[in-house]
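Okay, here's the prediction I keep looking at, along with the sequence it came from:
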Amino acid sequence: MKKIYVLLMLLPLFSLKAQVPTCSINPTFIHNHGEGIWPDSALNFVSGTVGQPYVQNITVNVPLDTTVSGGFTCTYQYFKLNAPSGTTNYGLPPGLSLACTAYPNFEFPGNDSTCMIIYGTPTAAGTYSLTFSIGVYCTQIPGTALTTETLTYYRIIINAATGIETNAANAAFQVMQNNPNPVIGATTNVKFTTPSDGKAKMTVFNITGQKIADKDIVVQRGENSYDFDATTLENGIYLYSIEYNGQKQIRRMVVAK
């Protein structure tokens, strides 16, 4: 009976731990000998929508040695990620969290590749600027950060759940983020609005700009919905555009089957 009681006491802890999704490493970034954090500032983080599950995988690749200012060669002890003072939860949108199951204290050892994940369900729309402080710790000077860098170029855009105007009389051309994103099944849904009946075109590109697929879509005034078949796409990051009456809007799509 005592053992059963202990197990019952531990069950909530296991349940909380299970809520953190498993992150994934970007193999292309690692293969190309990328060092640091991926996605970079140009690609940035995927957008989300209030009330819909959000996932952003982050690859961390720490080198063994690097040369810093003054010509000093640092053999990495670890690379540490912190939330700078004055910030709350790195500036993440309400409802989202940052986690790393391999290194919960965000101390990434030298010569290692791992990943973090931003996850949760956003509760408030807006554009959120994130702030990360990165300290470099060397084996030559243990316990003291040799350099510290603050990253402020990452952002997450959270769209309102009511962002699509369903009143046809007031509808404007607007493309929403596909759902689910990342795409983990055969299809993902894209919603968009148009001010009149007509035709639109959806085009999907890989990260190098190569066209992967395109589809003509007959649209009606107001809200439109299209299920994109992603079964032939390999895991990775893609861009898709919806073009209507000379206007084009582009969103990012992640495939992680």
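Arrived safely.

What's opposite the most centrally placed residue in the chain in the beta bridge?
Residue closest to the mean C-alpha point of the chain, counted by C-alpha atoms, centre = their mean, is Gln56 at 2.4 Å. Beta-bridge pairing of Gln56 under DSSP bridges involves Ile118.

how near is it to Arg155?
Distance, Gln56 to Arg155, using C-beta to C-beta, to the nearest Å: 11 Å. No exception for glycine: its C-beta is placed from N, CA and C like everyone else's.

Mutual contacts of these two, please.
Residues touching both Gln56 and Arg155 (C-beta atoms under 8 Å, 6 or more residues apart in numbering) are Phe45.

how is this protein carved up into domains?
20-159, 168-255 (automatic domain parsing).

hang on, Tyr90 is in a helix, isn't it?
Yes: assessed by DSSP: H, G, I helix; E, B strand; the rest coil, Tyr90 belongs to a helix.

That one reaches Ser129, doesn't it?
No: the pair Tyr90 / Ser129 is not scored as a contact, 10.0 Å apart, by C-beta atoms under 8 Å.

For these two, work out which one has more neighbours and name it.
Neighbour count, other C-beta atoms under 10 Å: between Tyr90 and Ser129, Tyr90 has more, with 20 against 12.

Give the full set of residues in contact with that one.
Listed by C-beta under 8 Å, 6+ apart, the contact set of Tyr90 reads Ala83, Leu98, Leu130, Thr131, Phe132.

Now do the same contact list for the last one.
Translated: Phe132. Contacts for Phe132 (C-beta under 8 Å, 6+ apart) come out as Leu81, Asn82, Ala83, Pro84, Tyr90, Thr150, Leu151, Tyr154.

Quick check: closest non-adjacent residue to the second one.
Same thing as Asn82. Distances taken as C-beta to C-beta, 6 or more residues apart in numbering place Ser133 nearest to Asn82, at 4.3 Å, with adjacent residues excluded.

With Phe79 as the reference, measure out to that neighbour.
Per C-beta to C-beta, Ser133 is found 12 Å from Phe79.

And Cys100, by the same measure?
12 Å.

One more: Thr150?
Separation of Thr150 from Phe79 (C-beta to C-beta): 14 Å.

Next: Pro21.
According to C-beta to C-beta, Pro21 and Phe79 sit 23 Å apart.

Give me the more crowded residue out of those two.
In this view Pro21 and Phe79 are compared by other C-beta under 10 Å, and Phe79 has more residues nearby, 24 against 16.
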